[in-house]
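>>> let me see the structure of the following:
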Amino acid sequence: MITKKQKRAIELMFEGNLSQLAISEQLKIHPTTLSRWKRDPDFIEAMRVFTDSVISRSTPKAMATMLKLLDARSELVRFNASKDLLDRAGFMPTVKQDLTATINPVQITDNVPAGSDDDG
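Residues are numbered from 1 along each chain as shown. Take a look at the predicted model:
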C-alpha cells in the first residue's frame, strides 16, 4: 500500500514536466526518498495501475481524434489515420513475396552426323 505523498509523487511524475528535485521539494521530502520509492515494488505497481487508468480514460478521446483525422484535408493524414485504424483492427497488408529463380543456360546438342543432310 502506498501513502498519499507517494500517490501524489506518481501523479507529478506522470505529468513529466518536473524534475525529481522539483517533485521532492513540492512533496517536502528528500530527493533520495523519491529515488527509494521508485525502486519499491508497491510504488512500481501503483505507477503501473495509474498509467493503465490514464490510458483507459484517454482511449475514447484518442479514438475520436483518429476518426476526425479520416476527414482531414491532407491526403497523407487521411491515409495514415486509415492505415493505423485498419492495422489496429487486424487488417494487415498482404505480405509480398520476392521470388527469384536461377535458370541454367540451355544447351543445344547437334547429334546429327556430318554429311547425312538429305537436303544437300
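>>> what is the burial count for F43?
Applying other CB atoms under 10 Å, we find 19 residues neighbouring F43. The way it works is simple: take the backbone N, C-alpha and C, and place the C-beta from them, glycine included.
>>> and it, how far is that from P113?
Note on F43: its distance to P113, by CB to CB, to the nearest Å, is 95 Å.
>>> from the contact counts, what lies against the helix ranked longest in the chain?
As assigned by DSSP state H, the longest helix anywhere in the chain is helix 41-69. On a contact count with 3 or more CB pairs under 8 Å, 6 or more residues apart in numbering; DSSP states H and E, helix 41-69 meets helix 4-15, helix 75-88.
>>> just these: most buried one?
helix 4-15 (a mean of 15; mean count of other CB atoms under 10 Å).
>>> A46: neighbour count?
By other CB under 10 Å, neighbour count at A46 equals 18.
>>> low-confidence ranges, the chain, go.
Filtered on pLDDT under 70, the chain yields the residue ranges 94-95, 115-120.
>>> list the residues that contact I44.
K38 (CB atoms under 8 Å, 6 or more residues apart in numbering).
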